[in-house]
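J.: compute the structure for the input listed below.
(one chain, ligands or ions: 2)
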Amino acid sequence: MVFFGTFMNSIELIAPDDWHIHLRDDAALRVTVPHAARQFARAIVMPNLKPPVTTAAQARAYAERILAHVPAGVDFQPLMTLYLTDKTSAQDIQDAVNDGWVKAVKLYPAGATTNSDAGVTDLARCAVALEKMQDLGLPLLVHGEVTDAQIDIFDREAVFIERVLKPLRAQYPRLKIVMEHITTAQAAEYVAQADAYTAATITAHHLLYNRNAMLVGGVRPHYYCLPILKRESHRQALLKAAISDSGKFFLGTDSAPHAQDTKETACGCAGCYTASHALELYATAFASVNALDKLEAFASINGAKFYGLSVNTHTVRLNASPQTLPSAFDYLDGAQLVPLNAGETLAWTFQEALDR
Ligand code: NCD
Ligand code: ZN
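T.: Numbers count the residues shown, from 1 in each chain. Ligands and ions are numbered 1, 2, ... in the order given. As a prediction, the model looks like this:
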């Protein structure tokens, strides 16, 4: 990582990867893929389509649809995931590894979030798949929230660790597990203390905002995502984890596009769209604690190491020059996509690959 200028007006880092993104499908890819491909060399693409991506053949076809939208001259590799269901077989896992496109399997507890109706109802039903994944070294990516109606939405992640994650870890001691988009001090601590088979992604919005951003002065639907923003002490714990030298925490935007009318409504969808300005947001968060020197490990090294992939060979730059974000992007059928921080001015501007 290289710093330029006495007042640090530019930083150069190894090209980053996004270890958790939602690109959606079909016409949405026209918007989401160029945004992701501009900032990231690779991205772990979530499988929560309708219907979900459950086989290697579906993952490969989806990867090809994504690649068709990568702008000419840009190198972007989608790393595909399978959606774990009660019916995923050992053969499905073997096929996924043989096929080469699939790099992980995603666990959505049934009903936990957007398009998760086909999710797992009972992890005991997934034993053969999980054993095969452990044997083959294929990571399990976990949406770590219980769906029990009795549990308060702000407690669902902490309860998940006790009820689901700890027993899962005990049963599969060598299964690679990524706790996705962690939002609590409990998750940060669990992962920091876990062994080398456990890691976590952290979004930019959970590093930058607490729940006040969503709820004070009016309900702000563009800050509503799952897991939901928590109180300030949790944000502080996440920042500490992100800048730590543990190597277990890495970048995952959880950029999750929803058309404006489905967010700004009486029952709005969960998801923040950040793919268009993700690195700028992460730089803002790291700079807020004087830890820009830790950004490269978090964004460009730790994730690749955990997945057993090499780090990227080219570099990108973040310039300390302000930019104002658009109020919206054209999205589907005339609908708009409102990014997080729409119309706001950010202190940083991302500059594409220098030496591709
Ligand atoms: C995601 C989505 O919209 O697909 N939403 C979100 O709030 N993060 C689903 C998810 O990752 O939970
Ligand atoms: Zn997600």
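J.: which strand or helix spans the residue nearest to Ala68 when sequence neighbours are not counted?
T.: In this structure, Ala68 finds its nearest non-sequential neighbour in Leu29, 7.6 Å apart by Cβ to Cβ, 6 or more residues apart in numbering. In short, each C-beta sits where N, CA and C put it, glycine included. According to DSSP states H and E, Leu29 maps onto helix 29-39.
J.: any residue of that helix touching ligand 1?
T.: No. Counting by Cβ under 6 Å from any ligand atom, ligand 1 is not contacted by helix 29-39; separation bottoms out at 11.5 Å.
J.: so what does that helix touch, helix or strand wise?
T.: For helix 29-39, the packing partners by 3 or more Cβ pairs under 8 Å, 6 or more residues apart in numbering; DSSP states H and E come out as strand 17-21, helix 56-67.
J.: run the chain-centre distance for it.
T.: Put simply, helix 29-39 sits 15 Å off its chain's centre (Cα atoms, centre = their mean, to the nearest Å).
J.: and the contacts of that helix?
T.: 16, 18, 21-24, 43, 65-66, 68-71, 74, 76, 255, 257, 275-276, 278-279, 316, 329-331, 337, 350, 352 (Cβ atoms under 8 Å, 6 or more residues apart in numbering).
J.: 7 Å instead?
T.: Under the contact criterion Cβ atoms under 7 Å, 6 or more residues apart in numbering, helix 29-39 has outside partners 16, 18, 21, 23-24, 43, 65-66, 69-71, 74, 76, 257, 275-276, 278-279, 329, 331, 337, 350, 352.
J.: Leu279 in helix, strand or coil?
T.: helix (DSSP: H, G, I helix; E, B strand; the rest coil).
J.: that one reaches Gln351, doesn't it?
T.: No. Between Leu279 and Gln351 there is no contact under Cβ atoms under 7 Å: 9.6 Å.
J.: can you list phi and psi of the closest residue in space to Asp86 that isn't next to it in sequence for me?
T.: Excluding its sequence neighbours, the residue lying closest to Asp86 (Cβ to Cβ, 6+ apart) is Arg125, at 4.2 Å. Phi and psi for Arg125, reported as degrees, to the nearest 10, are phi -70, psi -10.
J.: tell me what the lowest-mean-pLDDT helix or strand in the chain is packed against?
T.: Between all helices and strands in the chain, the lowest mean by mean pLDDT, DSSP states H and E belongs to strand 2-4, at a mean of 77. The elements that strand 2-4 packs onto, with contact taken as 3 or more Cβ pairs under 7 Å, 6 or more residues apart in numbering; DSSP states H and E, are strand 10-14.
J.: mind redoing it with 10 Å?
T.: strand 10-14, strand 315-319 (3 or more Cβ pairs under 10 Å, 6 or more residues apart in numbering; DSSP states H and E).
J.: dump the ones you listed to JSON lines, plus mean neighbour count and distance to Trp101.
T.: Converted to JSON lines, the helices and strands packed on strand 2-4 look like this (neighbours: other Cβ atoms under 10 Å; distance: least, Cβ to Cβ, whole Å):
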{"stretch": "strand 10-14", "mean neighbour count": "20", "distance to Trp101": "23"}
{"stretch": "strand 315-319", "mean neighbour count": "21", "distance to Trp101": "25"}
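J.: closest to ligand 1 out of these?
T.: strand 315-319 (24.5 Å; Cβ to the nearest ligand atom).
J.: pLDDT on that closest one, on average?
T.: Per-residue pLDDT values over strand 315-319 give a mean of 96.
J.: I'd like the next helix or strand past it.
T.: Taking DSSP H and E, what comes next after strand 315-319 is strand 323-324.
J.: and the next element down the chain from that next one?
T.: Criterion used, DSSP H and E; the element after strand 323-324 is strand 329-330.
J.: how about the residues of this structure near ligand 1?
T.: Listed as neighbours of ligand 1 in the chain under the rule Cβ under 6 Å from any ligand atom: 22, 48, 113-114, 143, 225-226, 254, 256, 270-271.
J.: and the furthest pair within those residues?
T.: Greatest spatial distance among the residues of the chain next to ligand 1 (Cβ to Cβ): Asn48 and Cys225, at 13.6 Å.
J.: the two: which is more packed in?
T.: Just comparing Asn48 and Cys225: by other Cβ atoms under 10 Å the higher neighbour count belongs to Cys225, 27 against 22.
J.: would you check that the more buried one makes contact with His181?
T.: Yes. The pair Cys225 and His181 qualifies as a contact (Cβ atoms under 10 Å) at a distance of 8.1 Å.
J.: please tell me how far Pro167 sits from Leu123.
T.: 8 Å (Cβ to Cβ, to the nearest Å).
J.: looking at these two, which is more packed in?
T.: Ranked by neighbour count (other Cβ under 10 Å), Pro167 and Leu123 place Leu123 first, with 18 against 11.
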